[in-house]
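Q: Got a sequence here, can you build the structure:
(one chain, ligands or ions: 1)
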Amino acid sequence: MTHPTPAVRARILSVSGHELPAYLYDLTALRDHAAAIRAALPERVELYYAAKANPEAEILTALGPYVDGYEVSSGGELAHVAKAVPGRPLAFSGPGKTPAEIEAALDLGVQRFHVESLHELRVLAALAARTAPAGDDRAPRPGVLLRFNLPLAAASLEGSSLAMGGRPTPFGLDPADADTAVRLLTDGTYPRLRLLGVHAHLASGLDAPEQLAVAESVVTWAADLAARHRVPLPEVNVGGGMHVDYAAPERRFDWTAYGAGLGRLAEAHPGLTLRIEPGRAVSAYCGWYATEVLDVKSSHGEEFAVVRGGTHHMRTPATKGHDQPCSVLPVDAWPHPWPRPAAAADRVTLTGQLCTPKDLLSRAVPAPGLRAGDRVAFALAGAYAWNISHHDFLMHPRPAFHFLGPPSTTA
Ligand SMILES: Cc1ncc(COP(=O)(O)O)c(C=O)c1O
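A: Have a look, this model is predicted:
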């Protein structure tokens, strides 16, 4: 949906221009969406939310009733998420975990480490041995899911907007290291660790059939590994990366088809816990970045509107090279004594206040007659938007944040 929800629209129109730009999150819409995702998944499939998509505490707590846990990818996320949703299961991912971060996770009692290399496994084993309560062999041992960079079918590589696997990348273990890693975890070398299974986050931007094909190949590969070593691998996490279509926001990821496919996969592997960890497709739709038009001008035959703020607040269109979907909220009042600039053409390119031609939010938007003072709401701003942006460039003011809908009572 490109248009803001009624609650978001009313709030955008109720604040004055200098209170913009603002991020507005509709927590009711987020809860409804998360509930629908949960309902589409079989009971046996666990849903973790990848906090990196949007780690605002209000978002994390609103998702609480619908998720089984949270995936964190740094010491910062770990501390933040543990505080925002205390006591909820966390999985610690990410390449280049520092010893201090690993120790912090062990101290917090994190039970799932997504291990990215043999070196990281050695460090984790050493630190887990150091932090284990002396003489207590029954103390819970941290669990390991070995992250692998597995082959990706050509169709998935091509369909993906960001491939983290299936080609040379710094993510996960090479499959050639699989036997060594499993042996180290099962032959008594690392007695303070427990091998739980396999993790793979191979690509982003895949639709449901492609995601299912990836999940099937990861589970089959993990089952072969378990059989080869005659060890149980009770968990497989097939990652996130569910497609969000910025060009056609109404075309949402088919959670029903995906859930049905995961159900068939789970049935074929009794005793296996399947887990997914989406971020973008969970939180993108609940957020809007709203602003007002400051100036409208023509340049070499093209119409431009400069809005308050820009890609230093919402970097998403710059990183992904797309036009952020948006809608115009006309404002009739014009309180100034000077004339009001307005677009002469039907299509207007919306840019921010930065001194760079890269500060493009949306090109050739159908907005006939767009005027200074009108408001613009950019949709799909609930994921990888504010938190990936270069806020301090040019020292413009930061946006306001509005969380709409009843606050969460529990996580
Ligand atoms: C390990 C891991 N899991 C999950 C995600 C979430 O991906 P998405 O937000 O595309 O669903 C990412 C994103 O980079 C990731 O690196």
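
Q: how about the nearest residue to the closest residue to the ligand within the stretch 1-150 of the chain, chain neighbours excluded?
A: Closest contact between the stretch 1-150 of the chain and the ligand, by C-beta to the nearest ligand atom, is at Ala50 (3.6 Å). Every residue, glycine included, has its C-beta placed from N, CA and C. Of all residues not flanking Ala50 in the chain, Gly279 sits nearest, at 3.2 Å (C-beta to C-beta, 6 or more residues apart in numbering).

Q: SS state for the residue lying closest to Pro278 once chain neighbours are set aside?
A: In this structure, Pro278 finds its nearest non-sequential neighbour in Gly240, 4.0 Å apart by C-beta to C-beta, 6+ apart. Of the three states, Gly240 takes coil under DSSP: H, G, I helix; E, B strand; the rest coil.

Q: Quick check: the gap between Gly240 and Leu20.
A: Counting by C-beta to C-beta, to the nearest Å, the gap from Gly240 to Leu20 is 31 Å.

Q: ok, back up a step: the residue nearest to Ala50: neighbour count?
A: Using other C-beta atoms under 10 Å, Gly279 has 25 other residues around it.

Q: ditto for Arg230
A: Neighbours around Arg230, by other C-beta under 10 Å: 7.

Q: and the gap between it and Val182?
A: Going from Arg230 to Val182 by C-beta to C-beta gives 10 Å.

Q: Equivalent analysis for Gly197, please.
A: In this view, Gly197 and Val182 are 11 Å apart by C-beta to C-beta.

Q: more neighbours, these two?
A: Regarding Gly197 and Val182, a neighbour count based on other C-beta under 10 Å identifies Gly197 as having more, with 22 against 19.

Q: Below-threshold pLDDT in the stretch 151-300 of the chain: ranges please.
A: 154-157 (pLDDT under 70).

Q: Contact residues of it facing the ligand?
A: Within the stretch 151-300 of the chain, the positions near the ligand by C-beta under 6 Å from any ligand atom are His201, Ser204, Gly239, Gly240, Gly241, Met242, Glu277, Pro278, Gly279, Arg280, Ala281.

Q: wouldn't His114 be in contact with Phe92 here?
A: Yes: counting by C-beta atoms under 8 Å, His114 does reach Phe92; the two are 6.5 Å apart.

Q: Next, give phi and psi for the residue of the stretch 101-250 of the chain found nearest the ligand.
A: Proximity of the stretch 101-250 of the chain to the ligand (C-beta to the nearest ligand atom) peaks at Gly240, 2.8 Å away. Main-chain dihedrals, Gly240, degrees, to the nearest 10: phi -120, psi -140.

Q: contacting residues around Leu225?
A: Counting by C-beta atoms under 8 Å, 6 or more residues apart in numbering, Leu225 makes contact with Ala178, Val182, Val198, Leu233.

Q: Much appreciated, bye for now.
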